[in-house]
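>>> need a 3D model of the following:
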Amino acid sequence: MSGVLKIKGQQEAYKYGQAVRRAVLLAAGTGTRLRPLTAEVPKCLVEVAGESIVERALRVLRSQGVGEVVIVVGHCGEKLRERLGSRFADIELRYVEAPDYATTNNIRSLWDARSALDRDVILIEGDLIFDEAVISALLAIPGSSAAVVSVERAPSGTKVILNETNRVVSFLLSGDEEADHEIPYKTANIYLLRQETLVNQVVPGLLRAIASGHVDRYYESVFCDLVRDGRLDLTAVDVSACQWCEIDDRQDLAVAEFMMLDRESQYDRLQRLHGSYWRYGVTDHAYIYNVYFPTTKLVANLKANLTSIVSNYPANQVEMARLVGQWTGQDPHHIAVGNGASELIKSLATHEMRRLTVPTPTFNEYEAVVADNSVNRVPLDQRTFELNIDAFMQSALAWGSDMAVIASPNNPTGLSVPRKQLLDLCRHLAAHNCRLMVDESFVEFSRAGCTQSVEDAVVEHHNLVVIKSLSKVFGIAGLRLGYIVSADTDFIQRLRRALPIWNVNGLAEEFLRTIGAYRSAFVRSCALARASACELEAGLSTVEGVTLIKSDANFILCRLDDPEVEAADVARRLFVEHRILVKDCSTKTMKDGHRYLRISSRTHKENRRLVSALVSVLLP
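Below is the predicted model of the structure:
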């Protein structure tokens, strides 16, 4: 929503704020989801990066001119009194007891503090960490009450719908249905409530709720009713660009601790994770997947069956192969299904690959899963990265390979090998008892699409194996799905026996059962992904200091022209300065890998932002 008041950076100044001297901080809850950390202390005393949640909040409030904080205490309240006393620096601290904290919700805590609601207040939950820009933005609102909101970071919690004048028009409490045509914002549980609003609307609303016995509700249920009835005017302030986090459980605590690290340390932490980046507010141009799939309707169908999916065992290999066969048109007897293609590659390395030949650079996993002395690496052309099929074949035969692997399109180069060349190679290798495995994880994103696939040729070529990561092409990396197809049924049976009986989870199974109804949407998503990749390629071609390898996939390999510029340094700066992740190819088996970046394509908007960020990083 373009009209929402936004914070564009942590350092932005707000000139028109009105002084608010009092804050009310609700800290009575038991914090059960953080136990044992909260067994003997209130949740607000849990430390994040060496500082307690409440002391961090008080420090920020003090910096914004707050001189009095009323703290509602309950669980282990005496520990909080002992820790803080009656003052924090020059802030006066007052405590209010919430006698029924163990059996009521925060609506009752706020009611317990009603004597403090007789002037302008900043209302804050005691489990929040936030930076100064959040409160500065809130205080910049002239006159009216305000709510701090953010682009939705989690599926749970209270959300709000806004109108074109930046006002909250409705609250979506937990469990409420969202309107498909509206953009919901997550409330940050920080409000600026003006004296007139408090005295005439909020306190009477709290009284009605408490008198009706609604002590188990959130105080935002009162705000919901007041907004609906037109009696509460709340201006929304979007702080998505600021640092804030609600800490309910250990995962939230981990995210909060990540937020408190400096950007350099954050980058180092992410490099060790190999995923889960979405939790940390970064734009992921490092990993490769279809950002236009699955559809919201497909995801909704999965949600509808989630209870049964989670509660029951998934099917075994026979049924999984049948489901993949429905999608691919392949004979289920020719299919083995994996918890991602990586599981299948690992199993192949353990049971089938003795002497492996691969072109380099390629997907690291093929080299990583076998002993170094069992891998024959055939370097691609150092300038064009094209594969010389004849030279590759001769090297594989001289090495005595039992398996040769070619990814088409290849990762990280993005180049494809023509179908005819692959099938000719397959025939030559067959005479020497060598299998050809073709990784087609990105074939749908190529210019020719599935017409260049060799999957339909497995019956004619007994030594042909096709492996595919469905996680990438379907955009379901978290579900982990991949498969292998080969007409050699003995080979497939050996591979199946090497896998755990329930190696694929129930949610992935349900996805396979559902996907058939979305074939047209999937085809459209691949076309969108291809169009976005072409746009990204065009944008990157304008960046001085970068040479592109023309890609046939949804990612692009870029060479940094200046030999003194390190890809690792550029990748780090893109994150530190722009919160963008790209793949530094220093770890790839390739000459001058330290000068190459692999950049995956995302949406048009994200791609344009990436190009702009790369230009700024490469400026002399």
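>>> all contacts plus neighbour counts: C-alpha atoms, from now on.
Fine.
>>> pull the contacting residues for residue 138.
146-148, 191-192, 237 (Cα atoms under 8 Å, 6 or more residues apart in numbering).
>>> same thing but at 7 Å, please
Shown in contact with residue 138 (Cα atoms under 7 Å, 6 or more residues apart in numbering): 146, 148, 192, 237.
>>> and residue 561, by the same measure?
By Cα under 7 Å, 6+ apart, the neighbours of residue 561 are 545-547.
>>> rewinding a little: out of the contacts of residue 138, who's the most crowded?
Within these, residue 146 tops the neighbour count with 26 neighbours, counted by other Cα atoms under 10 Å.
>>> that residue pairs with what?
For residue 146, the beta-bridge partners are residue 192, residue 235 (DSSP bridges).
>>> for residue 121, see how far away it is.
Plainly put, residue 146 is 11 Å away from residue 121 if you go by Cα to Cα, to the nearest Å.
>>> what does residue 104 give?
For residue 104 relative to residue 121 (Cα to Cα), the value is 23 Å.
>>> those two: who's more crowded?
residue 121 (25 against 18).
>>> hmm, back to that, and the contacts of residue 561, which is closest to residue 225?
residue 546 (56.2 Å; Cα to Cα).
>>> residue contacts, that closest one?
558-561 are the contacts of residue 546 under Cα under 7 Å, 6+ apart.
>>> about what we covered before: could you dump the contacts of residue 138 to CSV with distance to residue 598 and pLDDT?
Shown next, in CSV, are the contacts of residue 138 (distance: Cα to Cα, whole Å; pLDDT from 0 to 100):
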residue, distance to residue 598, pLDDT
146, 43, 90
148, 37, 89
192, 45, 93
237, 37, 86
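>>> and those residues, which two are the farthest apart?
Across those, no pair lies farther apart than 192 and 237, at 10.5 Å, counting by Cα to Cα.
>>> domains of this structure?
Following automatic domain parsing, one gets these domains for the chain: 5-252, 279-290+521-618, 305-515.
>>> make CSV out of these and add distance to residue 270.
Output for the domains of the chain, formatted as CSV (distance: least, Cα to Cα, whole Å):
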stretch, distance to residue 270
domain 5-252, 15
domain 279-290+521-618, 9
domain 305-515, 17
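>>> and the ones you listed, which one's lowest on average pLDDT?
Here the domains of the chain differ in mean pLDDT, and the lowest is domain 5-252 at a mean of 84.
>>> how far is it from where the chain is centred?
26 Å (Cα atoms, centre = their mean, to the nearest Å).
>>> start the count at 49 instead of 1 going forward.
Renumbered: residue one is now 49, and that last one reads domain 53-300.
>>> among the contacts of residue 609, name the ones in strands.
By the criterion of DSSP state E, membership of the contacts of residue 609 in strands covers 594-595.
>>> distance to residue 658 added to the contacts of residue 609, as JSON lines?
Converted to JSON lines, the contacts of residue 609 look like this (distance: Cα to Cα, whole Å):
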{"residue": "593", "distance to residue 658": "15"}
{"residue": "594", "distance to residue 658": "14"}
{"residue": "595", "distance to residue 658": "16"}
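>>> closest to residue 657 out of the contacts of residue 609?
residue 594 (16.5 Å).
>>> need the contact list for residue 337.
Counted by Cα under 7 Å, 6+ apart, residue 337 has contacts 520-521, 523.
>>> which one, of the domains of the chain, ends up nearest to residue 310?
Closest approach to residue 310 among the domains of the chain is made by domain 327-338+569-666 (8.7 Å; Cα to Cα).
>>> so how far is the first residue of that closest one from its last?
So domain 327-338+569-666: terminal residues 28 Å apart, Cα to Cα.
>>> for residue 517, see how far away the residue nearest the centre of the chain is.
Nearest to the geometric centre of the chain sits residue 326, at 1.8 Å (Cα atoms, centre = their mean). Noted for residue 326: a distance of 20 Å to residue 517, by Cα to Cα.
>>> please indicate which of the contacts of residue 594 are buried?
The neighbour-count test (16 or more other Cα atoms under 10 Å) marks 606-608 as buried among the contacts of residue 594.
>>> in terms of contact, does residue 515 touch residue 529 like I think?
No: counting by Cα atoms under 7 Å, residue 529 is not a contact partner of residue 515; they are 11.2 Å apart.
>>> buried residues in stretch 659-668?
659, 661-663, 665-666.
>>> which neighbours do residue 240 and residue 285 share?
186, 195.
>>> quick one: the residue of the chain positioned farthest from its centre and residue 114, what's the gap?
The C-alpha centroid of the chain is most remote from residue 479, which lies 46.6 Å away (Cα atoms, centre = their mean). Separation of residue 479 from residue 114 (Cα to Cα): 81 Å.
>>> would you list every one of the helices in the stretch 299-448 of the chain?
In the stretch 299-448 of the chain, the helices defined using DSSP state H, counting those that start in this stretch lie at 311-319, 344-352, 354-359, 365-376, 389-399, 412-416, 437-447.
>>> just checking, what packs against the fourth one?
Right, helix 365-376. strand 383-386, helix 554-562 (3 or more Cα pairs under 7 Å, 6 or more residues apart in numbering; DSSP states H and E).
>>> give me the buried positions along it.
Of the residues in helix 365-376, 365, 368-374 count as buried by neighbour count, 16+ other Cα under 10 Å.
>>> could you check the angle that helix makes with helix 554-562?
Here the directions of helix 365-376 and helix 554-562 differ by 40 degrees (axes from the mean of the first three to the mean of the last three Cα atoms, to 10 degrees).
>>> what sits up against helix 365-376?
With Cα under 7 Å, 6+ apart, helix 365-376 has contacts from 379-380, 383-385, 544, 557, 560-561, 564.
>>> now, the most widely separated pair of those?
Longest span within these, Cα to Cα: 544 and 564, 24.1 Å.
>>> between those two, which has more neighbouring residues?
More crowded of residue 544 and residue 564, by other Cα under 10 Å: residue 544, with 20 against 13.
>>> the more buried one belongs to a helix?
Yes: with DSSP: H, G, I helix; E, B strand; the rest coil as the criterion, residue 544 is part of a helix.
>>> who are the contact partners of the spatially closest residue to it that is not a sequence neighbour?
Nearest non-adjacent residue to residue 544, counting by Cα to Cα, 6 or more residues apart in numbering: residue 384, 6.0 Å away. Residue 384 is in contact with 365, 369, 531-533, 540, 544, counting by Cα under 7 Å, 6+ apart.
>>> identify, from the residues you listed, the entry nearest to residue 258.
Among these, and counting by Cα to Cα, the member closest to residue 258 is residue 365, at 56.0 Å.
>>> gap between that closest one and residue 389?
The value you get for residue 365 to residue 389, if Cα to Cα is used, is 15 Å.
>>> I figured residue 506 hits residue 537, correct?
No: using Cα under 7 Å, residue 506 makes no contact with residue 537, being 11.2 Å away.
>>> neighbour count winner among these two?
More crowded of residue 506 and residue 537, by other Cα under 10 Å: residue 506, with 19 against 15.
>>> understood, closing this out.
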